[in-house]
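In: Sequence plus the predicted model coming up.
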Amino acid sequence: MPFDMQRVNKLVRSFASTFEAFTELVSPEGSDPYSVLGILPNAPDEVLEAAYKAKAKKTHPDTENGNEAEFKRITEAYERIKKERKEGDL
């Protein structure tokens, strides 16, 4: 049975939003790259990508309410996780 990608994306966004609120309560500093993106460390790559894209879209400096510092923080967290996962696969 094929996946309904609209429904999957909606669920991912909903989960990311809920988890983001939770991680802000638990880890207000947000220094952990997973908490910066609002995902669990065992989240699949698809969830990582969706969380990164959603946050990057909100904070991109070229948007009306963009925030360059936050965009950099999100991008660095994403790149750090991708690097750690790639190195772990070797």
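Out: Alright, I've got the coordinates.
In: And the lowest mean pLDDT element among the helices and strands of this structure?
Out: helix 5-26 (a mean of 69; mean pLDDT, DSSP states H and E).
In: next structured bit after it?
Out: helix 33-37 (DSSP states H and E).
In: Buried residues in that following helix, which are they?
Out: Within helix 33-37, the residues that qualify as buried by neighbour count (16 or more other C-beta atoms under 10 Å) are 33-37. From N, CA and C alone the C-beta is placed, and that goes for glycine too.
In: how distant is the helix or strand that it is followed by from the center of its chain?
Out: Counting by DSSP H and E, the element after helix 33-37 in chain order, helix or strand, is helix 45-59. Between the centre of helix 45-59 and the centre of its chain there are 5 Å (C-alpha atoms, centre = their mean, to the nearest Å).
In: mean confidence score for helix 45-59?
Out: Mean pLDDT, computed over helix 45-59, is 95.
In: what's that helix in contact with?
Out: 9, 12-13, 15-16, 37-39, 43, 63, 65-67, 70-71, 74-75, 78, 81-82, 85 (C-beta atoms under 8 Å, 6 or more residues apart in numbering).
In: Show residues contacting the following helix or strand past that helix.
Out: Next helix or strand after helix 45-59 toward the C-terminus (DSSP H and E): helix 68-89. Residues outside helix 68-89 that contact it (C-beta under 8 Å, 6+ apart) are 30, 33-34, 36-37, 45, 48, 52, 55-56, 59-61.
In: Pick the one among the residues you listed closest to Asp4.
Out: Asp45 (19.7 Å; C-beta to C-beta).
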